[in-house]
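> What follows is a protein structure lacking sequence information:
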């Protein structure tokens, strides 16, 4: 069952990659609709084999699985998985709770930003250090709320 679901998702991922090369909107729309139908068939098979909880979950998240493909139709590139980003934020939250509970808000923000920036690609991190780290090695930044 898992292999079938993975192969269908890989087919959709491949269609989105092909779309970025040839911009055939109709073919991508057909593939998205095919994927929805395949998920419906998969959930029925899963339910028939006694995996009712799994089938219900897949049915609930069906549209979320299509986010990257639907975004491509609008011209937006969205990664089909965000596992790396989720892991980074989870690790940062863990460190904040474990280590930063005794720190000042300013110190915690400085360290969190440094940890975040240090995980960027090396060239980007060097540029961030160059622009945002002063001579004293203190991260200087300014944050403003959007629209206000």
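Noted; the coordinates are in hand. No experiment lies behind these values; they were computed from the predicted model shown.

> Could you tell me the average pLDDT over stretch 14-24, please?
For stretch 14-24, the mean pLDDT works out to 91.

> Contacts made by that stretch with the rest, please.
Stretch 14-24 is contacted from outside by 25, 27, 28, 31, 68, 69, 72, 77, 80, using C-beta atoms under 8 Å, 6 or more residues apart in numbering. Glycine gets a C-beta too; all of them are placed from N, C-alpha and C.

> Next, count neighbours for residue 71.
15 (other C-beta atoms under 10 Å).

> That one against residue 64, yeah?
No - in this structure residue 71 lies outside contact range of residue 64 using C-beta atoms under 8 Å: 11.9 Å.

> Mutual contacts of these two, please.
If you check residue 71 and residue 64 against C-beta under 8 Å, 6+ apart, no residue is contacted by both.

> Among the contacts of stretch 14-24, name the buried ones.
Among the contacts of stretch 14-24, the ones that count as buried by 16 or more other C-beta atoms under 10 Å are 28, 31, 68, 69, 72, 80.
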